[in-house]
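>>> Give the three-dimensional model of this entry:
(3 chains)
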Amino acid sequence: MFSNRRNRKFRRFVSLSQDKWAVAQDCLSISWQLEVPYLHPPIPLIQQTLNKLMKEKVQSSYDHTILAIPTVVACTNEDDIKTDSPRRKRRRLSPGREDEEVKEAPTTRKNDGCLARGNRGEELFRWVLNQRGLTDTAIQNVINGWHEAWRRHRQRLGQFDEYWISLGRRREELLKVEDPELVIANFISQLEAEDATNANQANCRSALSTLFQLQGFKKEKINGVALQQIMKKPQAGMRKPIKEEQIWNYDQLLKYIKNKSDQKVQLSEIEFLGIVIATIMGYSTLRLIEVHRAIVSKLPKGCWQIKTAMFKGHDTGVTVIFRPLDDLSICPTQWLSSWMNRRKKKDEKLPVWWLYSKNRVASYEETSKAVHIVMKACKIPTGYTVTSIRSSSMTKSIDQGATKTEINRATRHRKGSQAVANHYDKNLNDKIRTRLAKL
DNA sequence: CTCGCGCTGGGTGACAAATC
DNA sequence: GATTTGTCACCCAGCGCGAG
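Numbers count the residues shown, from 1 in each chain, chains lettered A, B, ... in the order given. Alright, predicted model coming up:
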């Protein structure tokens, strides 16, 4: 209330002046009966605001109503600012602040329904493990064991928390659950009824079953026949159909890079970055994220070493060494050394993907953008992702008659041939068909 | 001061690829 | 094949900053 589109705290707001985003204009003239108002009246209107509050007897009781007057505003903290739409509102908490909130982890707090979903999930998770007797450090270590899954788990657990509270259940009841499968099954069915996506249902199931496992339940108690039946539909929906896909020709990229090799000076920083990364990806079949977090160093005889970590599957370090190829114009070593040569003597120690124009390291998004610019420039049809460089380069190798062993070694896939056949070997079956057609 | 734009980081769907 | 988890792409709101 009493805000404008610039300073509002919620998506819905009532403005002082005319504004088409606002729910209404003039707070004092509308009813507050069905609202949980966050009031920030100008000083002259404080008394009128209080009067109206008394008169209207706001439904949610005074406890939930927030009245911000200047002195209060000055010490407002995150707990006081309620978000009405946690999915869309952005969370801005410093790490320190977050810890503080965890310690408070209050079961007594009245308004935990208003926390952002992810926060809520994290709080639930930490609370449950804490109740089981794990120390804060132990819990943190559990979380650190995930690289990416945690980000999702906390979201889905937040979603579950919303559901649990909406059933009118309390958090303590979660600890007394005897049949976790039942809880998950009902939750997923509810999601299905609400038209949640297949992926969302699967993720919710994953997160919840992880939570119950960490609570100490055995897998059989969590994953029973009923749940398996329920999961069949979302699972089927997520399965990737086997299809024959066209892939662009790797030579297209090589020709473009070869072409640009003579005109390195004219390349903008971002184009240059794109070419260097695309070359590395093409020759090493590393993923973009792996290249992005790599440490690059120079070795004798014009060799370059790329050290990075593979989180996917291996959870281990990888070192790739590039040696000069016959044609230096399409060789990653030469592109890397000229990339490094662009920087001044005193800046040699800077991280590889340092951008001079921005005076900072290129973000992951920027490297992705750079590679896309290069892909666009060599006329690769739109719609291909950066990983298609992997597909394209592997497809070429296979086409050239590389053996299974060579491919497996080069691609570093655990399930080697299987993964390559499913995702990367984009050779169409045209040749086989042509041969079949021969009489 | 306002407007527009780029950057950020949370959130999510789709896909990839591992383990169970 | 089922399940779990990492990667890619995109969206969105908020913010800072420079131009006007």
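
>>> Where do the strands of the stretch 251-400 of chain A begin and end?
Remark: strands assigned in the stretch 251-400 of chain A by DSSP state E, counting those that start in this stretch are A:295-298, A:304-310, A:316-322, A:354-355, A:360-361.

>>> a markdown table for those strands, including mean pLDDT?
Output for the strands of the stretch 251-400 of chain A, formatted as a markdown table (pLDDT from 0 to 100):
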| stretch | mean pLDDT |
| --- | --- |
| strand A:295-298 | 89 |
| strand A:304-310 | 86 |
| strand A:316-322 | 83 |
| strand A:354-355 | 84 |
| strand A:360-361 | 82 |
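
>>> What segments of the stretch 251-400 of chain A are helices?
Ranges of helices in the stretch 251-400 of chain A, per DSSP state H, counting those that start in this stretch, are A:269-284, A:288-292, A:332-341, A:364-377, A:388-399.

>>> can the longest one be found next to DNA strand C?
No: for helix A:269-284, no contact with DNA strand C is found by CB under 7 Å from any atom of the strand; the gap never falls below 8.3 Å. All C-beta spots, glycine's among them, are computed from the backbone N, C-alpha and C.

>>> need the contact list for the closest residue to residue A:352 other than its chain neighbours.
Among residues not flanking residue A:352 along the chain, residue A:296 sits closest, at 4.4 Å (CB to CB, 6 or more residues apart in numbering). By CB atoms under 8 Å, 6 or more residues apart in numbering, the contact list for residue A:296 reads A:304, A:305, A:306, A:307, A:336, A:352.

>>> The nearest residue to residue A:361 once chain neighbours are set aside: how many residues sit nearby?
Spatially, and ignoring its direct neighbours in sequence, residue A:361 is nearest to residue A:351 (5.0 Å; CB to CB, 6+ apart). By other CB atoms under 10 Å, the residues close to residue A:351 number 11.

>>> Contact partners for residue A:362?
Each residue near residue A:362 by CB under 8 Å, 6+ apart is listed here: A:273, A:292, A:353, A:354, A:355, A:370.

>>> Check the gap between it and DNA strand B for me.
Distance, residue A:362 to DNA strand B, using CB to the nearest atom of the strand, to the nearest Å: 9 Å.

>>> Residue A:358 now?
6 Å.

>>> Tell me which helix or strand residue A:408 sits in.
Using DSSP states H and E, residue A:408 sits within helix A:404-411.

>>> which strands and helices sit next to that helix?
When contacts are defined as 3 or more CB pairs under 8 Å, 6 or more residues apart in numbering; DSSP states H and E, helix A:404-411 packs onto helix A:388-399, helix A:416-419.

>>> would you turn the ones you listed into JSON lines with mean pLDDT, distance to DNA strand C and mean neighbour count?
Shown next, in JSON lines, are the helices and strands packed on helix A:404-411 (pLDDT from 0 to 100; distance: least, CB to the nearest atom of the strand, whole Å; neighbours: other CB atoms under 10 Å):
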{"stretch": "helix A:388-399", "mean pLDDT": "86", "distance to DNA strand C": "8", "mean neighbour count": "21"}
{"stretch": "helix A:416-419", "mean pLDDT": "68", "distance to DNA strand C": "9", "mean neighbour count": "14"}
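
>>> hang on, the earlier thing: farthest pair within the contacts of residue A:296?
The span of those, defined through CB to CB, is set by A:307 and A:336 at 13.3 Å.

>>> Neighbour count for these two, which is higher?
Neighbours were counted for residue A:307 and for residue A:336 using other CB under 10 Å; residue A:336 has more, 20 against 14.

>>> pLDDT wise, what is the more buried one at?
Looking at residue A:336, its pLDDT reads 91.

>>> got the contact list for it?
A:276, A:280, A:296, A:304, A:322.

>>> Domains in chain A, by residue range?
Per automatic domain parsing, the structural domains of chain A span A:14-74, A:95-238, A:250-424.

>>> okay if I get these as CSV plus distance to residue A:434?
Shown next, in CSV, are the domains of chain A (distance: least, CB to CB, whole Å):
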stretch, distance to residue A:434
domain A:14-74, 62
domain A:95-238, 35
domain A:250-424, 15
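
>>> By mean pLDDT, show me the worst of those domains.
domain A:14-74 - the lowest mean pLDDT of these, at a mean of 61.

>>> What residues of the helix or strand hosting residue A:159 count as buried?
Using DSSP H and E, residue A:159 falls within helix A:149-166. By 16 or more other CB atoms under 10 Å, the buried positions in helix A:149-166 come out as A:150, A:152-161, A:163-164.

>>> Next, the contact list for the residue in the stretch 151-300 of chain A positioned nearest to DNA strand B, please.
Taking CB to the nearest atom of the strand, DNA strand B has its nearest neighbour within the stretch 151-300 of chain A at residue A:155, 3.5 Å off. Applying CB under 8 Å, 6+ apart, we find residue A:155 in contact with A:117, A:118, A:121, A:203, A:207.

>>> can these go into CSV with extra columns for secondary structure, neighbour count and distance to residue A:399?
Below are those laid out as CSV (DSSP: H, G, I helix; E, B strand; the rest coil; neighbours: other CB atoms under 10 Å; distance: CB to CB, whole Å):
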residue, secondary structure, neighbour count, distance to residue A:399
A:117, helix, 21, 47
A:118, helix, 21, 45
A:121, helix, 25, 47
A:203, helix, 19, 37
A:207, helix, 24, 42
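
>>> Which ones, among those residues, also lie beside DNA strand C?
residue A:203.

>>> follow-up on the earlier one: for the buried residues of helix A:149-166, which one is nearest residue A:132?
For the buried residues of helix A:149-166, the residue nearest residue A:132 by CB to CB is residue A:157; the value is 15.2 Å.

>>> quick revisit: among the buried residues of helix A:149-166, which one sits closest to residue A:248?
Nearest to residue A:248 among these: residue A:152, at 31.7 Å, using CB to CB.

>>> Quick check: the closest one vs residue A:344, distance?
From residue A:152 across to residue A:344, the span is 43 Å (CB to CB, to the nearest Å).
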